[in-house]
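> Prediction below, plus the sequence it came from.
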Amino acid sequence: MAKELKEITPRSKDFSQWYQDLVIKADLAENSAVRGCMVIKPYGFAIWEKIQRQLDDMFKETGHLNAYFPLFIPKSYLSREADHVEGFAKECAVVTHYRLKNDPNGSGVIVDPEAKLEEELVVRPTSETIIWSTFKNWIQSYRDLPLLINQWANVVRWEMRTRLFLRTTEFLWQEGHTAHATKEEAIEETERMINIYSEFAEKYMAMPVVKGFKSESERFAGAIDTYTIEALMQDGKALQSGTSHFLGQNFAKAFDVQFADQTGKLEYVWATSWGVSTRLIGALIMSHSDDNGLVLPPKLAPYQVVIVPIYRNAEQLQLVNEKVAGIVQKLKALGISVKYDNADNKKPGWKFSEYELKGVPVRLAIGARDLENNTIEVARRDTLTKETLSCDGIEDHIKNLLDEIQENIYKKALDFRASQTREVDSYDDFKREIEKGGFLLCHWDGTAETEELIKNDTKATIRCIPLEGDKTPGKCIVTGKPSKQRVIFARSY
RNA sequence: CGGGGUGUAGCACAGUCCGGUUAGUGUACCUGGUUUGGGACCAGGGGGUCGCGAGUUCGAAUCCCGCCACCCCGACCA
């Protein structure tokens, strides 16, 4: 069962146990009674809200509007786009009835066989089909384009195997769906959104990612091209953290969405879709955390600073309260979120451990000794170091410290990735190196057959064909056929 | 869906092989007191259809049969 966090290290074989343990102990989420679903607890949800708010701002800055579409999709919609149905058919929850009744043979309720739906409803695994059937009514002319819509929603995918945050039956996400007059404009949009994801991952989550194309076999069902951001977790496995799809005219044709151009000629629109999910919370946890618990980047921490008072009696607490009130006010004036935990029912030592486990970036402790000297103890989560500083100008120091922590954990993750990324030029080396985890940069002949062979031999897949970096051609490590550039192989979640 | 494992107090577990007092331990919870600069201590207290169903037996957490749920490892995937 769940071992103590300290017994397992993040990079050990028991990573999966460590991860699950951390999620539960840090009060982020727990397994629900419903198969493969999770309950996101308030602290975990607060992180999600920070993610949502930031992404939403970035979407709005680029002209996207939020809307909402139905949870249920008529079964026939899914079959309109051939690749799409093939990709999702195996994991759909289906509603077949709309009423229950008392079991005539005993206690409890049964599904009323009389209440069978004429057409079954699928609980959305993604919303392309219902949205495109709606877009058909919204688009007539080039003046209606581009149509830039985003929705924050839940989706359901009946996966065989689930894991908290990384792959749950139901998950929360945002899905953007856009329609454009030209192919060029749609591709530009697809790239704009993968760039936003990448910027968000690196600047806010402090998680370095590689931008690239998915190979044909890893591509989204129904897409012409899938762009992805790939991150490396501390156990050496890759995690697909966000995708942006260029859908061509596939959905426009399947749902008959045409517009009249400037000359009055009817054309099919060009589409994109893109999404990130609560999986990002899993990515955050697995990128930075250590054996003492979560390590949250200041930009996404529900509170950036926690203050713990140390006192022996009510009078002392009163004095500390007064001192802290001034500090809290100054910190808030600088836009720093602070929690002052002067709850009398927990000891300071308990609070220290608790906030460490929860990943609060900066902890301040203040007691009678500090009041005399006008000092305060400042502890940082990323390095687990602490120092005693003067209260004068402490707010500026903390503001800088938060920036420093944000930068430091990004750099740590970047260094780790660099140490786990290497070029491999023979298949024998590949088989040996893949066991150690990390990203392997290899030449590949571009065929699905070779990719499949490697996957069957080693469980490694092509995470992406990087957009940036070295583009030197070479020879495929398996077949020796020509390769345009190195691609990233890794084992993944 | 295949292989393995586990279901006993809010949580983590012992007890099951070899049936027999009132089902136990840690932790959490409640009361009182002493504590409070890294998960405090003492004393007292509450909390259980032993996963569900059927059977064997004078007697079942324990044995037999059936079912269910969850976890881990695969196949599948954001």
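Happy to help now that I have it. Here the structure is a predicted model, which means the values were calculated and not measured.
> what residues does the helix or strand of chain A with the lowest mean pLDDT touch?
For chain A, counting by mean pLDDT, DSSP states H and E, strand A:109-111 ranks last in confidence among helices and strands (a mean of 76). With contact meaning Cβ atoms under 8 Å, 6 or more residues apart in numbering, strand A:109-111 is reached by A:H97, A:R99, A:L100, A:K101, A:N102, A:D103. The way it works is simple: take the backbone N, C-alpha and C, and place the C-beta from them, glycine included.
> Show the contacting residues for A:I434.
Residues in contact with A:I434 (Cβ under 8 Å, 6+ apart) are A:L440, A:T458, A:K459, A:A460, A:F489, A:A490, A:R491.
> What pLDDT is listed against the residue nearest to A:T383 when sequence neighbours are not counted?
Distance criterion Cβ to Cβ, 6 or more residues apart in numbering; nearest residue to A:T383, sequence neighbours excluded, is A:N408 at 7.4 Å. With respect to pLDDT, A:N408 scores 98.
> Tell me the spacing between A:N408 and A:T178.
Distance from A:N408 to A:T178, counting by Cβ to Cβ, to the nearest Å: 37 Å.
> would you list every one of the helices in the stretch 151-300 of chain A?
Under the criterion DSSP state H, counting those that start in this stretch, the stretch 151-300 of chain A contains helices at A:183-199, A:250-254, A:279-288.
> Counting by contacts, list what the second one packs against.
What that stands for is helix A:250-254. Here helix A:250-254 touches helix A:82-88, helix A:128-138, strand A:270-277, going by 3 or more Cβ pairs under 8 Å, 6 or more residues apart in numbering; DSSP states H and E.
> Most tightly packed of the ones you listed?
Highest mean neighbour count among the helices and strands packed on helix A:250-254 (mean count of other Cβ atoms under 10 Å): strand A:270-277, with a mean of 26.
> any chance of the contacts of strand A:109-111 in JSON lines, plus secondary structure, pLDDT and distance to A:Q316?
Formatted as JSON lines, the contacts of strand A:109-111 follow (DSSP: H, G, I helix; E, B strand; the rest coil; pLDDT from 0 to 100; distance: Cβ to Cβ, whole Å):
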{"residue": "A:H97", "secondary structure": "strand", "pLDDT": "87", "distance to A:Q316": "65"}
{"residue": "A:R99", "secondary structure": "coil", "pLDDT": "86", "distance to A:Q316": "64"}
{"residue": "A:L100", "secondary structure": "strand", "pLDDT": "81", "distance to A:Q316": "60"}
{"residue": "A:K101", "secondary structure": "strand", "pLDDT": "81", "distance to A:Q316": "65"}
{"residue": "A:N102", "secondary structure": "strand", "pLDDT": "77", "distance to A:Q316": "63"}
{"residue": "A:D103", "secondary structure": "coil", "pLDDT": "72", "distance to A:Q316": "64"}
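> Going by distance to RNA strand B, which of those residues wins?
A:D103 (15.4 Å; Cβ to the nearest atom of the strand).
> which parts of the stretch 351-493 of chain A sit against RNA strand B?
Within the stretch 351-493 of chain A, the positions adjacent to RNA strand B are A:352-354, A:356-357, A:363, A:365-370, A:377, A:379, A:384, A:386, A:388, A:459, A:492-493 by Cβ under 7 Å from any atom of the strand.
> hmm, back to that, would you mind giving the helices and strands packed on helix A:250-254 as JSON lines with mean pLDDT added?
Converted to JSON lines, these look like this (pLDDT from 0 to 100):
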{"stretch": "helix A:82-88", "mean pLDDT": "85"}
{"stretch": "helix A:128-138", "mean pLDDT": "96"}
{"stretch": "strand A:270-277", "mean pLDDT": "97"}
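> Helix or strand: which one has A:M58?
Following DSSP states H and E, the helix or strand that holds A:M58 is helix A:42-61.
> Just give the nearest non-adjacent residue to A:Y43, would you?
A:D27 (4.7 Å).
> wait, that neighbour sits on A:I47?
No: look at A:D27 against A:I47 with Cβ atoms under 8 Å: they stay out of range, at 11.0 Å.
> who has more neighbours, those two?
The neighbour comparison of A:D27 against A:I47 (other Cβ atoms under 10 Å) goes to A:I47, with 22 against 15.
> Do I have it right that that one meets A:A29?
No: in this structure A:I47 lies outside contact range of A:A29 using Cβ under 8 Å: 10.2 Å.
> picking up where we left off before, tell me which of the helices of the stretch 151-300 of chain A lies nearest to RNA strand B.
Of all the helices of the stretch 151-300 of chain A, helix A:279-288 sits nearest to RNA strand B, with 3.9 Å by Cβ to the nearest atom of the strand.
> If you average the pLDDT over the closest one, what comes out?
Helix A:279-288 comes out with an average pLDDT of 94.
> All good on my end, thank you.
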